[in-house]
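Participant: What follows is a predicted protein model with its sequence.
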Amino acid sequence: MLVAGFPAGAWGTNCYLVAPAAGEECVIIDPGHQAAEGVAETVAKHRLKPVAVVLTHGHLDHVASVVPVCGAHDVPAWIHPDDRYMMSDPEKALGRSIGRQLMGDLTIGEPDDVRELADGSVLSLAGLELTVAHAPGHTEGSVTFAMPERADVPPVLFSGDLLFAGSIGRTDLPGGDHAEILRSLARVCLPLDDATVVLSGHGPQTTIGRERATNPYLREVAAGRGAGAPPAPGRGM
């Protein structure tokens, strides 16, 4: 399996292109701020054919390049219905003005073909199977995408801004809920095998086993407590 990822834009949001192998169809995950050029370079480098864009949530740092990327490859975008409005009204999702100087020229709005994700559904795309888990807390429509173990490849979780190496997503923006994100961690992450590779929306990759042992929020949830203080705002929006 091929997973080619790169950090993009002002927030260093991880965009991933996933395919069975080089030279085959691929899925693009979270083409955010200033990601279009990196997507084009990765597609050319690995001779890929995009068939879909899938989004872990609707914050601008994860969706800002959806319109140009979908348009360039004539592919649909998949997003949870609770976050769909953010593509057309990103500042409403943040509760503040972003600032045009920081963001530059943006194509705000939806691509021509938008499809909605549902909890527990399985997307069969590009020869891959992505299992969708609704994981609210960072936003109301946050989701993760899980891929089963394949041959010599361990299971993979694209966690968006639910789980990071050593931390979790911020919950202080509109639609965020600290108690809800802890419930999502318990429901989505704790049942996974320790060998599961976690590819998150920001920062380095990790594993469920490492986070189970060291991540203070996941440890609290695993211990059945999970009250704790809300996390300080970190990477992302």
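Facilitator: Received the coordinates, thanks.
Participant: count of neighbours near residue 70?
Facilitator: By the criterion of other CB atoms under 10 Å, residue 70 has 22 neighbours. Every residue, glycine included, has its C-beta placed from N, CA and C.
Participant: How about the one 5 residues further on?
Facilitator: Applying other CB under 10 Å, we find 20 residues neighbouring residue 75.
Participant: and if you look at residue 51?
Facilitator: Residues near residue 51, counting by other CB under 10 Å, number 19.
Participant: what do you get for residue 166?
Facilitator: Counted with other CB under 10 Å, residue 166 comes out at 16.
Participant: tell me the contacts of it?
Facilitator: By CB atoms under 8 Å, 6 or more residues apart in numbering, the contact set of residue 166 is 206, 211, 214-215.
Participant: what about burial for the residues you listed, which qualify?
Facilitator: Applying a neighbour-count criterion of 16 or more other CB atoms under 10 Å, the buried members of these are 206, 211, 215.
Participant: out of the contacts of residue 166, which are inside helices?
Facilitator: Judged by DSSP state H, the contacts of residue 166 include 211, 214 as members of helices.
Participant: Any chance of the contacts of residue 166 in a markdown table with pLDDT as columns?
Facilitator: Shown next, in a markdown table, are the contacts of residue 166 (pLDDT from 0 to 100):
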| residue | pLDDT |
| --- | --- |
| 206 | 98 |
| 211 | 97 |
| 214 | 96 |
| 215 | 96 |
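Participant: which residues of this protein score low on pLDDT?
Facilitator: For the chain, the stretches flagged by pLDDT under 70 are 92-93, 95-107, 225-237.
Participant: the helices in this protein, which residues?
Facilitator: Using DSSP H, the helices assigned to the chain run over residues 36-46, 60-63, 66-73, 90-94, 100-103, 178-184, 208-214, 216-222.
Participant: Out of the ones you listed, flag the one nearest residue 136.
Facilitator: Among these, helix 178-184 comes nearest to residue 136, with 5.1 Å by CB to CB.
Participant: The closest one packs against which elements?
Facilitator: helix 216-222 (3 or more CB pairs under 8 Å, 6 or more residues apart in numbering; DSSP states H and E).
Participant: by contact count, what packs against the helix it packs on?
Facilitator: Under the contact criterion of 3+ CB pairs under 8 Å, 6+ apart, helix 216-222 touches strand 167-168, helix 178-184, helix 208-214.
Participant: any idea how far it is from the chain center?
Facilitator: Relative to its chain's centre, helix 216-222 lies at 21 Å (CA atoms, centre = their mean, to the nearest Å).
Participant: Make 184 the first number, not 1, from now on.
Facilitator: Yep, numbering from 184; the last one is helix 399-405 now.
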